[in-house]
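S.K.: Quick one: sequence and predicted model below, then my questions.
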Amino acid sequence: MKLNEINDNEGATKNRKRVGRGIGSGSGKTGGRGVKGQKSRSGVSINGFEGGQMPIYRRLPKRGFNNIFSSDFNVVSIGRIQTAIDAGKLDGKSTIDAAALKGAGVIRRIKDGVRVLADGELKAKLTLEVAGASRTAIEKVEKAGGSIKVLAAAPAAAEG
């Protein structure tokens, strides 16, 4: 076999429709677009247009509030951290922070920090350095003999 002999399987590719090539072709003159009007022309952008009627996105009232100052935390449970330690992805003896969790594949990306929740069981003695933790998570870590240092960057997230 030579490079110039390679071709697609039969029916794998389809020739594009060449429009506007005379009335004998069946798709000449208007090129399958019908007659006149906005849609027959190029550069049409009418998504959401309802023919002069007030569009639905303007008829419905605005709802809610988007707080631009809110923090977006990665939520990690104690059980998930313990699973990563058991699998050998995390070193339980060193300080565990957001970068260590990302390196272990526990979180995908570091947002505004990591918030630890108390879901699951903890066997290892851990030193955590996180943006926030629930009260029960702090109790569980301290009960296992570890410690949690809540970073000052997110003081509002320290409790709850």
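M.R.: Thanks, I have it.
S.K.: contacts, neighbours, all on C-alpha from now
M.R.: Fine.
S.K.: Ala144: how many residues sit nearby?
M.R.: Ala144 sits with 14 neighbouring residues when counted by other C-alpha atoms under 10 Å.
S.K.: An error on my part: the question was meant for Lys140.
M.R.: Neighbours of Lys140 (other C-alpha under 10 Å): 21.
S.K.: give me the element it is part of.
M.R.: In this assignment (DSSP states H and E), Lys140 forms part of helix 135-143.
S.K.: which other residues reach the helix or strand that that helix is followed by?
M.R.: Remark: after helix 135-143, the chain's next helix or strand is strand 147-150, criterion DSSP H and E. Here strand 147-150 makes contact (C-alpha atoms under 8 Å, 6 or more residues apart in numbering) with Leu126, Thr127, Leu128, Glu129, Val130, Ala131, Gly132, Ala133, Ile138, Val141, Glu142, Ala158.
S.K.: mind running it again at 6 Å?
M.R.: Thr127, Leu128, Glu129, Val130, Ala131, Gly132 (C-alpha atoms under 6 Å, 6 or more residues apart in numbering).
S.K.: Out of the residues you listed, list just those in helices.
M.R.: Among the contacts of strand 147-150, no residue falls in helices (DSSP state H).
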